[in-house]
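In: Sequence first, then the predicted structure, then my questions.
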Amino acid sequence: MAKYGAKGDGVTLDTAAIQRAINAAAKHGGTVTFPARTYLTGSLFVKSNVTLQVDKGVTLLGSQHLEDYPEMPTRVAGIEMIWPAALVNIYKQTNAAIVGEGTIDGDGKTWWDSYWALRKIDEPKGLRWASDYDAKRPRLIQIFDSSNVKLGGLTLRRSGFWTVHICYSHDVSVDGVTIRNNEGGHGPSTDGIDIDSSKKILVQHADIAVNDDALCLKAGRDSDGLRVNRPTEDVVLRDSTIREGAAGVTIGSETSGGFRNIEVYGLTVLKGVPVGILFKSAHTRGGFAENIRIHDLTLVDTPVVFRITMNWNPSYSYATIPADLKTYPDYYKVLSTPVPEAQGMAHFHDVHIWNIKSTGAKTAFEVDAFKAAPLEHFQLDHLQIQAATAGHIRDAKDWKFSDVSLLTTDKSTVVVSDSEDVSGLP
């Protein structure tokens, strides 16, 4: 690495030197390695047939200057727009890898602070929905429009925004990553691994502590997501530990392109994670979820076992440009484009959930949809749940429970309303 000019002192910006090494390796296919040091860098772009190997003792440390992250076309939080590149990118490449036992550190507190400062300005103006788009925070790793990619072994720390974003890609394996985004503060919207309108994705042996969704499936937001219309499909999430985050596994809220053939199993969700299984959407998102299989999860002191909300976080989900706001970026128009009611309802159906063991919960079920788009054909079996209270299920159709042990402190049973053909609950 030294021959390309990298200093590795944690102070000198080594972006150009590291990129020269990557470009040299790309000429014939090869591996880029580093002596055990800390390398301050802006955006890096791993090329086809290149392995970026970050070994133990090596840290890639993210620059805190936005100009070190070139803006380029991507998708951010469900819409296509120009946005700063991630710290490490595999962008429109094939047969590439980012592996090793070293660390990629976004040094994210500067980006977190800038976001909270902007939120204080935006929220009184009725622009809560705009903050994630206005605050340009680099993601840690993005795999965009790429295939045959491996990511593994690394410790990923302090991402400025989402940690691993897999978008418009296929045949991607993420194996054995450790994600820690709550060191030195709690980074807002620091999702762990987001799989976005992609297919044939495997995530396994992850160990995640973040301040938002840990393992999350996405497929576009509102009018722009419906325009792109790309599903997330053929995904396996397995054998991972969630220590901190919004949920053990999340589908949504960006549901516009839909989800199919998803399997999640072997997760351990620890105390500090508020929800075990979370499905979320909004009445402008649209899309679908079908053939979803979630099984063999262990939840420890997780307050809510199952939460489904089709009207998630209205202040964020529904974009209305204030009448007195005369100038604004084009993406405000995209976010606020109306979606016809019939297109806006998400349809979740054919979901099988089984072998769930939960102890120390507050509520077993918090399920709410819309009468016009009920949650259909759910099968839930072999559930062992200990909770303070049973909770409720609304707007469900053809739900079949079997072999359910639901022990509640208040002796309550699940309240089912505005539903039909829900059977087998104790």
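Out: Okay, I see it.

In: Let me see the confidence value for the residue lying closest to Glu263 once chain neighbours are set aside.
Out: Distances taken as C-beta to C-beta, 6 or more residues apart in numbering put Arg293 closest to Glu263, at 4.6 Å, once the chain neighbours are dropped. C-betas here are computed from N, CA, C, even on glycine. We have a pLDDT of 98 for Arg293.

In: go on, Gly187?
Out: With respect to pLDDT, Gly187 scores 89.

In: Packing partners of the helix or strand where the residue nearest to Glu263 lies?
Out: Arg293 is located in strand 288-300, with elements delineated by DSSP states H and E. Counting contacts by 3 or more C-beta pairs under 8 Å, 6 or more residues apart in numbering; DSSP states H and E, strand 288-300 is packed against strand 249-251, strand 259-269, strand 275-280, strand 347-368.

In: Let me have the ones you listed in TSV, extended by mean neighbour count and mean pLDDT.
Out: Converted to TSV, those look like this (neighbours: other C-beta atoms under 10 Å; pLDDT from 0 to 100):
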stretch	mean neighbour count	mean pLDDT
strand 249-251	26	98
strand 259-269	20	98
strand 275-280	26	98
strand 347-368	20	98
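
In: what is the rounded mean pLDDT of the longest helix belonging to the chain?
Out: Criterion DSSP state H: the longest helix present in the chain is helix 109-122. Averaged over helix 109-122, pLDDT sits at 94.

In: In terms of secondary structure, what does that helix contact?
Out: Helix 109-122 is packed against helix 131-134, with contacts defined by 3+ C-beta pairs under 8 Å, 6+ apart.

In: ok, back up a step: wait, which of the helices and strands packed on strand 288-300 is closest to Pro322?
Out: strand 275-280 (25.5 Å; C-beta to C-beta).

In: tell me the angle of that closest one relative to strand 288-300?
Out: Here strand 275-280 points in a direction 160 degrees away from that of strand 288-300 (axes from the mean of the first three to the mean of the last three C-alpha atoms, to 10 degrees).

In: in its sheet, what does strand 275-280 sit against?
Out: If you go by DSSP bridges, strand 275-280 pairs up with strand 249-251 (parallel), strand 304-309 (parallel).

In: got the buried residues for the strand holding Arg293?
Out: Residues of strand 288-300 classed as buried: 288-290, 292-300 (neighbour count, 16 or more other C-beta atoms under 10 Å).

In: ok so, going back, in JSON lines, list the strands paired with strand 275-280 along with distance to Lys333.
Out: Listed next are these as JSON lines, based on distance: least, C-beta to C-beta, whole Å:
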{"stretch": "strand 249-251", "distance to Lys333": "28"}
{"stretch": "strand 304-309", "distance to Lys333": "27"}
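
In: Compare the ones you listed and give me the one nearest Gly424.
Out: Using C-beta to C-beta, the strands paired with strand 275-280 put strand 304-309 closest to Gly424, at 15.0 Å.

In: in stretch 53-65, what counts as buried?
Out: Quick answer for stretch 53-65 (16+ other C-beta under 10 Å): 53-54, 58-64.

In: Run the chain-centre distance for that stretch.
Out: 22 Å (C-alpha atoms, centre = their mean, to the nearest Å).

In: Repeat that for stretch 286-300.
Out: With C-alpha atoms, centre = their mean, you get 15 Å for stretch 286-300.

In: got the CA coordinates for that stretch in CSV?
Out: In CSV, the C-alpha atoms belonging to stretch 286-300 read as follows (Å, rounded to 0.1, in the frame of the first residue of the first chain):
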residue,chain,number,x,y,z
GLY,A,286,-48.4,0.1,-1.8
GLY,A,287,-46.7,-3.1,-2.6
PHE,A,288,-47.1,-6.6,-1.2
ALA,A,289,-45.5,-9.3,0.9
GLU,A,290,-46.0,-13.0,0.0
ASN,A,291,-44.4,-16.3,0.9
ILE,A,292,-42.8,-14.9,4.0
ARG,A,293,-41.4,-17.6,6.4
ILE,A,294,-40.1,-16.7,9.8
HIS,A,295,-39.1,-19.4,12.3
ASP,A,296,-36.9,-20.5,15.1
LEU,A,297,-36.4,-17.1,16.8
THR,A,298,-35.5,-16.7,20.5
LEU,A,299,-36.6,-13.3,22.0
VAL,A,300,-35.2,-12.3,25.4
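
In: Retrieve the pLDDT associated with the residue nearest to Gly10 when sequence neighbours are not counted.
Out: Nearest non-adjacent residue to Gly10, counting by C-beta to C-beta, 6+ apart: Thr38, 3.7 Å away. At Thr38, the pLDDT value in this model is 98.

In: do the same with Asp421
Out: 97.

In: And it, its phi and psi?
Out: For Asp421, the backbone dihedrals (degrees, to the nearest 10) come out as phi 60, psi 50.

In: wait, isn't it in contact with Asp398?
Out: Yes: at 4.8 Å, Asp421 counts as touching Asp398 under the criterion of C-beta atoms under 8 Å.

In: Settle it for me: which of those two has more neighbours?
Out: Asp398 (17 against 11; other C-beta atoms under 10 Å).

In: how about that one, secondary structure?
Out: The three-state assignment at Asp398 reads strand, by DSSP: H, G, I helix; E, B strand; the rest coil.

In: wouldn't it be in contact with Gln379 here?
Out: No: Asp398 is beyond contact range of Gln379, at 9.2 Å (criterion: C-beta under 8 Å).

In: in the stretch 301-426 of the chain, which spans are strands?
Out: Taking DSSP state E, counting those that start in this stretch as the test, the strands found in the stretch 301-426 of the chain are 304-309, 347-368, 375-394, 396-408, 415-417, 420-423.
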